[in-house]
Each structure stands twice: as C-alpha cells, then as structure tokens.
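Colleague: sharing a sequence plus its predicted fold:
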Amino acid sequence: MRAAMRIGPHLIAPNVILAPMAGVTDRPFRQLCRRLGAGLAVSEMTTSDARLWHTEKSRLRMDHRGEDAPIAVQIAGYDPSMMAAAARFNVEQGAQIIDINMGCPAKKVCRVDAGSALLRDELLVAAICAATVRAVDVPVTLKIRTGYDRAHRNAVAVARIAQDSGIAALTVHGRTREDQYEGEAEYETIAAVKQAVRIPVIANGDVTSGRRAAAVLAATGADALMVGRGALGNPWIFKEISHFLATGQTTTPPPADEVGRVLLGHLDELHEFYGPGRGVRVARKHIQWYCQDHPGSAKLWLAVNRVECAASQRAMVAEFFAAGLRAQAA
Ligand SMILES: Cc1cc2nc3c(=O)[nH]c(=O)nc-3n(C[C@H](O)[C@H](O)[C@H](O)COP(=O)(O)O)c2cc1C
C-alpha cells in the first residue's frame, strides 16, 4: 500500500492526516500530531469574513509559528470573492495549502449557507473553488461530505467540479450533512469518487485504528486517510496507523507514564499559546480525552473542572499519573 501522497508540490508522508476540528486542531495540537507521526495537520476553520480576521480568535487560528511545512489552513465561507481574499490573506500569514470547508455541518457555518450546506448548490461550489484556486499560487484542497442528505448524494458530481476547477486534492467524509455524526460512515461513495477523478482523494470518517485504516483504504482505493475524533486524546494513532499499514501488525497502546508525559507537555503548550486563563479552559477537554480510559479519571475530571490556575491544573494531572504508576508498582 502507498505510504505517501502528493498535494501539489508537497509530499505528504505518511499519508495519514489530522482532520480540521474547530476548537481542537489549534497550533499546539497540530504540532503534537505532526511530531507523533501525522503527515499533515489541517488547521481549525478560519472565517472568510475579513471583519473578523483581527479578533483574538482569528489571530490564534492564523498563528503558525514553529509549525512544520506544509502548513494547511482551512477557510470557511460562502462568497467566492471573500473566499479568494481569505485564501490570499492566509497565504500571507504562512499557509502553504488552503483547504476549503464544505464538510462542516455546524449550524453556525450552515446558517449562512457555508460548510456542507454549499453542496446543495453545485454552481456555487464551482465558483468558490475556481475563485480560490485563481487567488493563490499554493495548492487548494476541498473537504466535502457525500452530499447534503441521503437523497442527494452528489459527491461524485462535486468531485468532478472540484477537479475541473483546479482543486489539488479532495477529502470526502463518508456521511451526508443530514447524517451529522450519526451512524457509521459509508465508503462506497468515497470509492465512487476515487474512480471518477484523477486528483488525489483522502478518505475520512471513523478511522479509529490501524486495522480500520487498512479496511478503509481497501474499500475506497483512496490515496490517503484523514483522522478526526480518533486522534482526540490519542495523538499516537498516526504511528499506529502507519505501522499497521506497513506491517499488518498492531502496536501496543502507550504506557501510562508516556501518556502522562505527552499530556503534560501538551498542557504546557496550551497554557503558553492561549495564556493561563483560556489555556486552562481549552486544556480541560483534552485532559478528559487522554485520561478517560485510565482508572480514577471521573474523579480527576470533576476536580479539573473546578481549577482555574494553570500550575494547579498541571500539578493535578501530574499527580494523577504519578498515583497511577505508584498503584501499578504496589
Ligand atoms: C470537534 C469537531 C470539530 C470539527 N470542526 C471541523 C472544521 O472546522 N472543519 C471541517 O471541515 N470539519 C470539522 N469537523 C469534521 C472533521 O474534520 C471530520 O470530517 C469528522 O469528524 C469525521 O472524521 P472522524 O470520524 O475521523 O472524526 C469537526 C469535527 C469535530 C469532532
């Protein structure tokens, strides 16, 4: 099985990619996943509304200091000229790949007919793709769902439009917008998309282990995989998948001391990136995700939610893992 893919001039190796996730794939998490084996890590979506580019939220979403190339930034919006301007602005801020969001079902995005709501309007899809591709000299990728709803699974038509508009690679999440995150992802439509276009296709949806990754690649013939929720609290998943794809062997989960060490490093980076107040709040969900399978995590979670101070949050997590190791040794 191929272990790399190309997006324009960029070699993506391994061909396992961290999905854009608003509120999650900030710079600290992207850097961590790249360090632990993701071939590419896509930013949280950034708005195409220029009035919001100078807010604190946008400033942080467009902060790429220290990130490994290629830097991939997702933009969201519905107006072709605004999307073109957003692409240009993000390239000026360091983006080396621009990803267009037509996959997100969130109300905030869809209320203004952006995200996956755009799939209903193929002419608009074409206009957005073409305007964005024309605006920048970096590769532009597109992320879609299989359609707006099950009665309108138009991913193959949208994929052809994307290819004709100069899109460099296409990610397909195997659900419709109406499906939200319900039920299992289906891969037949992704396989049909792969058959229909020459541009690289990235399969997304429910890739949660090496074995599953191999099955999704086999079912779709895709050039790469994108992992979202499977990476929450588990940035080791990229190595696990690459290892399974290369050898057919599973890996053992990281020992508790390594989980603790990586989580504490992640907390330090979040506290620094967001500052102590917001950093503590953003870190809470990550703590829950990393610790949920460890004994005593429910108690830790309750305690962590009451703490507002970065040093106390860190100390609490350090003690949780130290106590776990003492119990193991006893
Ligand atoms: C918390 C969260 C935030 C998300 N934010 C975005 C986003 O900003 N842009 C986007 O295209 N998709 C977004 N998604 C969808 C994911 O990129 C991905 O397509 C979806 O979760 C399916 O992949 P998975 O089964 O591996 O999680 C988000 C998903 C989650 C769980």
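Modeller: Nice, I can see it.

Colleague: which secondary structure state is assigned to E44?
Modeller: strand (DSSP: H, G, I helix; E, B strand; the rest coil).

Colleague: again with T189
Modeller: Secondary structure, three-state DSSP: T189 is helix.

Colleague: show me what contacts it?
Modeller: By CB atoms under 8 Å, 6 or more residues apart in numbering, the contact set of T189 is 146-147, 153, 155-156, 172, 174. C-beta: built from backbone N, CA, C; applies to glycine.

Colleague: so which pair among these is furthest apart in space?
Modeller: Farthest pair in those (CB to CB) is V156 and G174. Separation: 13.3 Å.

Colleague: for these two, indicate the residue with more neighbours.
Modeller: Higher neighbour count among V156 and G174: G174, with 24 against 18, using other CB atoms under 10 Å.

Colleague: which stretch of helix or strand covers the more buried one?
Modeller: Using DSSP states H and E, G174 sits within strand 169-176.

Colleague: return the list of strands paired to that strand, each annotated with direction.
Modeller: Paired neighbours of strand 169-176 in the sheet (DSSP bridges): strand 140-147 (parallel), strand 201-204 (parallel).

Colleague: from V24, how far out is A117?
Modeller: Plainly put, A117 is 22 Å away from V24 if you go by CB to CB, to the nearest Å.

Colleague: again with V125
Modeller: V125 sits at a distance of 26 Å from V24 (criterion: CB to CB).

Colleague: those two: which has the busier surroundings?
Modeller: The neighbour count for V125 versus V24, taken as other CB under 10 Å, is higher for V125 (22 against 19).

Colleague: A strand includes that one, no?
Modeller: No. Using three-state DSSP, the secondary structure at V125 is helix, not a strand.

Colleague: pLDDT score assigned to it?
Modeller: Per-residue confidence (pLDDT) for V125: 96.

Colleague: looks like it contacts R160 (just checking).
Modeller: No. Using CB atoms under 8 Å, V125 is not in contact with R160; the gap is 10.5 Å.

Colleague: and whatever helix or strand V280 lives in, what does it pack against?
Modeller: V280 belongs to helix 276-291 when assigned by DSSP H and E. Helix 276-291 is packed against helix 256-274, helix 297-306, helix 310-329, with contacts defined by 3 or more CB pairs under 8 Å, 6 or more residues apart in numbering; DSSP states H and E.

Colleague: can it be found next to the ligand?
Modeller: No. Applying CB under 6 Å from any ligand atom, one finds helix 276-291 separated from the ligand by no less than 9.1 Å.

Colleague: can you list the residues that contact that helix?
Modeller: If you take CB under 8 Å, 6+ apart as the criterion, helix 276-291 is touched by 23-24, 26, 29, 232-234, 259, 262-263, 266-267, 270-274, 297, 300-301, 304-305, 307-310, 313, 317, 320.

Colleague: now, of those residues, which are buried?
Modeller: Listed as buried from those are 24, 26, 29, 232-234, 259, 262-263, 266-267, 270-271, 273-274, 297, 300, 304, 307, 310, 313, 317, 320; burial here means 16 or more other CB atoms under 10 Å.

Colleague: now the phi/psi pair for the residue of the stretch 101-250 of the chain found nearest the ligand, please.
Modeller: Nearest to the ligand in the stretch 101-250 of the chain, going by CB to the nearest ligand atom, is G228, at a distance of 2.7 Å. Main-chain dihedrals, G228, degrees, to the nearest 10: phi -110, psi -90.

Colleague: for it, grab the count of nearby residues.
Modeller: By other CB under 10 Å, neighbour count at G228 equals 21.

Colleague: same question for E178.
Modeller: 15.

Colleague: what residues are up against N154?
Modeller: Shown in contact with N154 (CB under 8 Å, 6+ apart): 119, 122, 147-148.

Colleague: just I97 next, same as before
Modeller: Contacts for I97 were tallied using CB under 8 Å, 6+ apart; they are 7-8, 10, 40, 70-73, 138-141, 168.

Colleague: up against the ligand, what does the stretch 201-330 of the chain have?
Modeller: Within the stretch 201-330 of the chain, the residues that sit near the ligand (CB under 6 Å from any ligand atom) are 204-207, 227-230.

Colleague: and these, which is closest to V216?
Modeller: Nearest to V216 out of those is V207 (CB to CB; 5.6 Å).

Colleague: phi, psi of the closest one?
Modeller: V207 adopts backbone torsions of phi -90, psi 100, taken as degrees, to the nearest 10.
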